[in-house]
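Q: missing the sequence, but the structure's below:
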């Protein structure tokens, strides 16, 4: 029955509707697999089994009654990133001081997933403050990659991707401010989607008492198929109660045959060099689309430099992330900036200053970001999607040293750990959607994904390109030790 665990959420929902399996049976199947495999992975760190069993039984009863208009995820068991508010569970963000922060109500996206019929039975691991390409913390420990337990699954939605790749859950939803959906999808060989900023209201995915959406940060799904991404986006997406007075969800579709598509390719960059095997996977996807008739352009770029885009994103990112610091940590950051030489114009100094930026300084960066957004808008009037790497390499070995000491080996050349945010920041900083698809394994047996970016609110366009490529063979492959 192990193959059942690796089906897409769409396939699982269909089996439940056709009564090939009940929701409760499927849920208990995942429980059995968690008991057998999660010890090696430490992907699922919170479980609510009794509540989930009752919800699954209710879902089966509703189906037996012939209840009309069942949700798209009716009866499908799933987990969610630990940082989401799920009533009766801790939401710590990996911060030891928050280990007793038990949430009293469901986050809005959790409410919407449940309304669609999903059975939420657990939560998955994260790094402290959701701020790493690895997923470990002092509360829950370290999550391992299903393809190689000596390596990390990515972060900050690392537990999410690992649980999917190991067949421990039917669907997942994470969050992304610097690749936190996309790098775990890439490292673990699953699909992931970083939505347009604000498209999926994040209320309840926040520190205690916080209602304001965070700049740059988004919530979004991880899955074993592109179609699952679409279902999850349409389930969680749309205006919140305030905005719903005057807004509704109406996203454009691809509505093009491949031969009418124009595809730009950004396969590598001196700002953040990627391994040869990674850029070759970008080429492979480009060639696949070319074989289907699409026009491919390797030289097309939006009207700004990579350096400028990276500078604006990094500074806005640090300003946003500093809001998650404790008062003591923020005071330390202030002292550090005060000690900087006024003539120090290095990237490190700029980033540190942005952590304590005045509103006037932040507003100037936001203005630059708005110019970038309009440049992207013009670009996507000419091109349907852009193909890029996700990260510089496949999954790397666990490295829990201080971040400033970490290096990533890119074709035997060491690269600063933080350089990795370039490819995620390219789209994230300008609010663009991007979808990650698996492209298969490298010679070490590790997955490699690529990123399909599109215009703001072009979420279904990037996902539907991923669906097209999935039909061409770029599909999810189960991690072999978990079959």
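A: Yes, it's here. Worth saying up front: this structure is predicted, and the values here are computed from it rather than measured.

Q: in which helix or strand would I find residue 386?
A: strand 385-389 (DSSP states H and E).

Q: just checking, what packs against whichever helix or strand comes after that strand?
A: Reading on from strand 385-389 to the C-terminus, the next helix or strand found by DSSP H and E is strand 407-410. If contacts are counted by 3 or more Cβ pairs under 8 Å, 6 or more residues apart in numbering; DSSP states H and E, strand 407-410 sits against strand 413-416. The C-beta positions use only the backbone N, C-alpha and C, and glycine is treated the same way.

Q: re earlier: in its sheet, which strands sit next to the strand holding residue 386, and in what direction?
A: strand 262-265 (parallel), strand 447-453 (antiparallel) (DSSP bridges).

Q: okay, those strands in TSV with mean pLDDT next?
A: Converted to TSV, the strands paired with strand 385-389 look like this (pLDDT from 0 to 100):
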stretch	mean pLDDT
strand 262-265	98
strand 447-453	98
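
Q: any idea which of those strands gets closest to residue 149?
A: Comparison of the strands paired with strand 385-389 against residue 149 by Cβ to Cβ identifies strand 447-453 as nearest, at 14.6 Å.

Q: hmm, who's touching the closest one?
A: 147, 165, 182, 185-189, 192, 277-278, 281-282, 285, 385-390, 394-395, 423, 426-427, 432-442, 462, 465-466, 477 (Cβ atoms under 8 Å, 6 or more residues apart in numbering).

Q: buried residues of the lowest-mean-pLDDT helix or strand in the chain, list them for me.
A: Lowest by mean pLDDT, DSSP states H and E among the helices and strands of the chain is helix 347-354, with a mean of 84. For helix 347-354, a neighbour-count test (16 or more other Cβ atoms under 10 Å) marks 349, 351, 352, 353, 354 as buried.

Q: now swap in stretch 256-267 and tell me
A: 258, 261, 263, 264, 265, 266, 267.

Q: just checking, residue 217 touches residue 176?
A: Yes. Counting by Cβ atoms under 8 Å, residue 176 is a contact partner of residue 217 at 7.1 Å.

Q: report pLDDT for the residue nearest to residue 414 when sequence neighbours are not counted.
A: Once flanking residues are discounted, residue 414 sits nearest to residue 407: 4.1 Å by Cβ to Cβ, 6 or more residues apart in numbering. Looking at residue 407, its pLDDT stands at 96.

Q: wait, isn't residue 407 in contact with residue 417?
A: Yes. The criterion here is Cβ under 8 Å, and residue 407 meets it with residue 417 at 6.4 Å.

Q: which one's more surrounded, the two?
A: A count of neighbours by other Cβ atoms under 10 Å puts residue 417 above the other of residue 407 and residue 417, at 20 against 14.

Q: residue 474 versus that one, what's the distance?
A: 28 Å (Cβ to Cβ, to the nearest Å).

Q: what do you get for residue 182?
A: 16 Å.

Q: which one's more surrounded, these two?
A: Each of residue 182 and residue 474 has its neighbours counted (other Cβ under 10 Å); residue 182 has more, 31 against 21.

Q: stretch 211-225: how far from the chain's middle?
A: 7 Å (Cα atoms, centre = their mean, to the nearest Å).

Q: so for it, what gets flagged as buried?
A: For stretch 211-225, using 16+ other Cβ under 10 Å, the buried residues are 213-225.

Q: now the helix or strand harbouring residue 437 against strand 447-453, angle please.
A: Residue 437 belongs to strand 434-441 when assigned by DSSP H and E. Orientation check (axes from the mean of the first three to the mean of the last three Cα atoms, to 10 degrees): strand 434-441 against strand 447-453 gives 150 degrees.

Q: domain assignment for the chain?
A: 2-256, 306-370 (automatic domain parsing).

Q: lowest-confidence stretch among these?
A: domain 306-370 (a mean of 91).

Q: now residue 478, nearest residue through space, not along the chain?
A: Closest to residue 478 by Cβ to Cβ, 6+ apart is residue 6, at 4.6 Å.

Q: burial count for that neighbour?
A: 20.

Q: again, but for residue 202
A: Counted with other Cβ under 10 Å, residue 202 comes out at 25.

Q: how about residue 341?
A: 8.

Q: quick check: it vs residue 349, distance?
A: 8 Å.

Q: and stretch 388-399, how far out from the chain middle?
A: Centroid displacement of stretch 388-399 relative to its chain, using Cα atoms, centre = their mean, is 15 Å.

Q: isn't residue 163 right up against residue 46?
A: No. At 11.8 Å, residue 163 does not count as touching residue 46 under the criterion of Cβ under 8 Å.

Q: looking at the two, which one has more neighbours?
A: Ranked by neighbour count (other Cβ under 10 Å), residue 163 and residue 46 place residue 163 first, with 35 against 20.

Q: which strands or helices does the helix or strand where that one lies pack on?
A: Taking DSSP H and E as the criterion, residue 163 maps to helix 158-165. Judged by 3+ Cβ pairs under 8 Å, 6+ apart, helix 158-165 is in contact with strand 44-47, strand 77-81, strand 119-124, strand 172-176, helix 182-188, strand 218-223.

Q: make CSV out of these and add distance to residue 483.
A: Converted to CSV, the helices and strands packed on helix 158-165 look like this (distance: least, Cβ to Cβ, whole Å):
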stretch, distance to residue 483
strand 44-47, 19
strand 77-81, 19
strand 119-124, 21
strand 172-176, 20
helix 182-188, 15
strand 218-223, 19
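
Q: most tightly packed of the ones you listed?
A: helix 182-188 (a mean of 34; mean count of other Cβ atoms under 10 Å).
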